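[1] how would this look folded up:
(2 chains)
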Amino acid sequence: EAQVTQNPRYLITVTGKKLTVTCSQNMNHEYMSWYRQDPGLGLRQIYYSMNVEVTDKGDVPEGYKVSRKEKRNFPLILESPSPNQTSLYFCASSKWGEQEARSTQYFGPGTRLLVL
Amino acid sequence: TQLLEQSPQFLSIQEGENLTVYCNSSSVFSSLQWYRQEPGEGPVLLVTVVTGGEVKKLKRLTFQFGDARKDSSLHITAAQPGDTGLYLCAGGFKTIFGAGTRLFVKA
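    Numbering: from 1, shown residues only, chains lettered A, B, ... in the order given. Reported below is the predicted structural model:
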C-alpha cells in the first residue's frame, strides 16, 4: 500500500530536550516536505526536499532541521524544542518533475507534539 | 509573498443545502489544489485546477479556477453529513495553504 508514515504519532516533551520525528514514504517520490498546522493558520511549510541531499527552507524553518540521506526518509529534528513549537506536524511526499506544480502530495497521518 | 485567503472560515449547514467556499489571492498561480482533511488525518487531495476558467466536477463537488488564475471556488450541491471536514486550498512552488474552511453538515 502506498503511504507516508510518521513516528511518533503523539509526543510530549520538555523544553530543550532534542527530538526527532521520522517520516518515510514507499512511493519512490523525489519531493518531500514538512508542515506544521496551527488553529487559524492552516498548514505552513517548514522545510522541503527535492531529492536526496537537496533541502531548502519553507516559510517557518526557525528551530528545525532536516536531512535527506535516503530518498524514502526525511526526518524532522528539533534540537532544542520550545513551547511555541507545540503543534500538529505533517510530512508529505510527491513526484517531482515537469509537472511538479500539479503533482499530488500524499500526507502522513500527523504527529501531535506538546512541548512543556 | 504569495497568500491564499479562504472564506468563510466556518460553515454550519443543514443536510441538503448548497454551499460555496472561496479561495482568493492577489497573486497568479500556475495551478491550485483543493484538499479535504478529517480529524486525526492528513489532508487528501480532491482536485487540481490548472487552466484559467477551468471547471472540474467530482460527484456533488464543483471546482472552478478563476480566469486570471488568482482565485478558485468549491461548490457543494445538496451537502451531506459525510461532507463534514476541513477544506483547504493550496498552490505555489512551495505549496502554500489557505487557513481552511471548516464545514459541518447537520443531519
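[2] Pull up the per-residue confidence for residue 88.
    Because you didn't say which chain, this covers chain A. If you check A:Leu88, the pLDDT there is 97.
[3] hm, I was asking about chain B
    Value listed for B:Leu88 in the pLDDT field: 95.
[4] mind checking the longest strand of chain A?
    Taking DSSP state E as the criterion, chain A has its longest strand at strand A:42-51.
[5] Just the buried positions in that strand, please.
    Residues A:42-49 are the ones in strand A:42-51 that count as buried (16 or more other Cβ atoms under 10 Å in any protein chain shown). Heads up, the C-betas are built off the backbone N, CA and C, glycines and all.
[6] Pick out the lowest-pLDDT one from these.
    A:Gly42 (85).
[7] on that earlier part again, and the buried residues of strand A:42-51, which is closest to A:Gln85?
    For the buried residues of strand A:42-51, the closest approach to A:Gln85 (Cβ to Cβ) belongs to A:Ile46, at 10.0 Å.
[8] Next, B:Pro81: phi, psi?
    phi -50, psi -30 (degrees, to the nearest 10).
[9] Nearest spatial neighbour of A:Tyr89, chain-adjacent residues omitted?
    Among residues not flanking A:Tyr89 along the chain, A:Thr111 sits closest, at 4.6 Å (Cβ to Cβ, 6 or more residues apart in numbering or on different chains).
[10] tell me which residues in stretch A:4-14 are buried?
    A:4, A:6, A:11, A:13.
[11] Show me the two of these that sit farthest apart.
    A:Val4 and A:Thr13 (22.7 Å).
[12] element containing the nearest residue to B:Gly82 once chain neighbours are set aside?
    Once flanking residues are discounted, B:Gly82 sits nearest to B:Val105: 7.8 Å by Cβ to Cβ, 6+ apart. According to DSSP states H and E, B:Val105 maps onto strand B:101-106.
[13] Enumerate the residues of chain A near chain B.
    A:4, A:33, A:35, A:40-45, A:48, A:58-59, A:90, A:92, A:101-102, A:104-105, A:107-110 (Cβ under 8 Å from any Cβ of the partner chain).
[14] Need the buried ones from those selected in ChimeraX.
    In ChimeraX syntax, the buried subset of those is picked out as below (16+ other Cβ under 10 Å):
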select /A:4,33,35,42,43,44,45,48,58,90,92,101,105,107,108,110
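[15] Much appreciated, bye for now.
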